[in-house]
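Asks: Here is a sequence with its predicted model. Questions after.
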Amino acid sequence: MVNEFLQYLQYEKNYSFHTVLSYRTDLYQFCDFLAIKPQEINPIDIHSQQIQQWTLSLMSANISARSLSRKISTLKSFWKFLLVRGLAKQDPTLKIILPKTKKPIPAFFKENEMGTVLDNKFIPDDFKSTRDQLIISIFYQTGIRLAELISIEDKDVDLINENLRVVGKRNKQRIIPISNALCREISEYIELRNSKIETLAANLFLRENGQRLYPKLIYNMVHTTMSGVSSLHKRSPHVLRHTFATSILNGGADINAVKDLLGHSSLAATQVYTHTSFEELNNIYKHAHPRAK
């Protein structure tokens with residue numbers, strides 16, 4: 001049943017490999033606690049008391065509230081699958097309450113920090129420097145994920161209509177508008193890339209040997225570049241995604257539009273960025289109202 005559930009997540013829900021692996025780890029850990037093999041689990045024999053005992057054992061091991069919440073959610077999803085498929089008659093997870101977790105405020109770069117990086121006039125005009133500068137610019141101006149950037153191909157860039165097609169989680173496609181200036185940067189990069197590299201992969205961004213980029217290379221580049229202008233502990237491509245969302249929300253963008261641009265499946269995932277908009281309003285209030293000082 002466990003393997004059937006994992007296959008359902010992978011092939012019907014189109015969950016990523018890492019997400020399916022997390023579900024598998026949680027379910028195998030639960031089975032290990034019960035001292036049974038995953039392929040031998042019988043829903044009839046599982047009771048809420050056993051799940052509560054597992055939860056207490058995890059808490060005793062000082063597991064974080066977020067990790068504990070994820071593991072309980074895994075069991076809830078598993079039993080929901082079993083009920084829909086007629087493989088279980090009762091749901092022992094109904095009485096299990098998810099622990100409250102504090103959502104961390106997303107870290108983001110300041111506008112002047114991004115300006116220092118993107119408006120740098122002293123960047124060499126060689127292929128690698130031009131490519132890296134464009135990558136940071138695309139992250140900041142579109143808010144796409146690292147995996148999405150790596151998978152972009154030349155055919156996904158529409159320089160005439162000024163938009164970019166990306167394939168997000170669960171293979172969902174979305175079209176993101178890009179500026180005329182960014183289109184020029186991409187066009188200049190492609191021209192330089194084609195003149196420097198003979199054998200090309202289909203991807204837009206390549207290494208000097210013509211092969212596609214890999215996540216660690218991009219992460220290290222972004223981290224090193226942003227280390228020169230920011231004191232943030234986290235200086236990753238995902239922080240650039242946070243910066244994009246924060247910037248356009250503070251600029252007055254509708255939160256539903258931001259949700260679509262980021263490729264979020266629910267509005268709840270986007271609402272984590274609204275704190276910054278409130279901070280902007282708070283600053284305006286304190287500077288503008290005579291009794292606020």
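Replies: Right, received. Where do you want to start?
Asks: Low-confidence ranges, the chain, go.
Replies: Within the chain, the stretches with pLDDT under 70 are 100-104, 275-293.
Asks: Let me see the ranges of the helices in it.
Replies: Ranges of helices in the chain, per DSSP state H, are 2-7, 17-34, 48-60, 65-84, 111-118, 127-142, 146-151, 180-196, 215-227, 237-250, 255-262, 267-270, 274-288.
Asks: Next, the buried residues of the fourth one.
Replies: Judged by neighbour count using 16 or more other Cβ atoms under 10 Å, the buried positions of helix 65-84 are 68-72, 74-79, 81-82. Placement of C-beta: from N, CA and C, glycine included.
Asks: Check those and tell me the two furthest apart.
Replies: Leu68 and Leu82 (21.6 Å; Cβ to Cβ).
Asks: circling back to that earlier point, make CSV from the buried residues of helix 65-84 and add distance to Thr243 to it.
Replies: Output for the buried residues of helix 65-84, formatted as CSV (distance: Cβ to Cβ, whole Å):
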residue, distance to Thr243
Leu68, 30
Ser69, 27
Arg70, 26
Lys71, 31
Ile72, 32
Thr74, 31
Leu75, 36
Lys76, 34
Ser77, 32
Phe78, 36
Trp79, 39
Phe81, 37
Leu82, 42
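Asks: Dihedrals phi and psi, Leu98?
Replies: phi -70, psi 130 (degrees, to the nearest 10).
Asks: Give me the residues contacting stretch 138-148.
Replies: By Cβ atoms under 8 Å, 6 or more residues apart in numbering, the residues outside stretch 138-148 that reach it are 114, 118, 149, 164, 166-169, 176, 178-179, 182, 186, 215, 218-219, 222, 237-238, 240-241, 243-245, 261-263.
Asks: quick one on the thing from earlier: which of the helices of the chain sits most buried?
Replies: Compared across these, helix 237-250 shows the largest average neighbour count, a mean of 21 (mean count of other Cβ atoms under 10 Å).
Asks: what inclination does that one have with respect to helix 111-118?
Replies: 130 degrees (axes from the mean of the first three to the mean of the last three Cα atoms, to 10 degrees).
Asks: Give me the packing partners of helix 237-250, helices and strands only.
Replies: Counting by 3 or more Cβ pairs under 8 Å, 6 or more residues apart in numbering; DSSP states H and E, the packing neighbours recorded for helix 237-250 are helix 127-142, helix 146-151, helix 215-227, helix 255-262, helix 274-288.
Asks: at 6 Å instead, please
Replies: If you count contacts as 3 or more Cβ pairs under 6 Å, 6 or more residues apart in numbering; DSSP states H and E, helix 237-250 packs onto helix 127-142, helix 274-288.
Asks: Determine the angle, from 0 to 180 degrees, between the first one and helix 180-196.
Replies: Right, the one you point to is helix 127-142. Using the same axes, to 10 degrees, helix 127-142 lies at 150 degrees relative to helix 180-196.
Asks: What sits closest to Arg170 if chain neighbours are left out?
Replies: In space, Arg170 comes closest to Asn14 once its chain neighbours are excluded; the distance is 3.9 Å by Cβ to Cβ, 6 or more residues apart in numbering.
Asks: The one you found touches Asn171, doesn't it?
Replies: Yes. Between Asn14 and Asn171 there is a contact under Cβ atoms under 6 Å: 5.2 Å.
Asks: between those two, which one's more packed in?
Replies: Asn14 (12 against 8; other Cβ atoms under 10 Å).
Asks: Distance check, Gly172 against Tyr15.
Replies: Gly isn't right for residue 172; it's Lys. Note on Lys172: its distance to Tyr15, by Cβ to Cβ, to the nearest Å, is 12 Å.
Asks: Looking at those two, which has the bigger crowd around it?
Replies: Tyr15 (18 against 11).
Asks: Please report phi then psi for the more buried one.
Replies: According to degrees, to the nearest 10, Tyr15 has phi -70, psi 150.
Asks: Contacts only, for it.
Replies: By Cβ atoms under 6 Å, 6 or more residues apart in numbering, the residues touching Tyr15 are Leu9.
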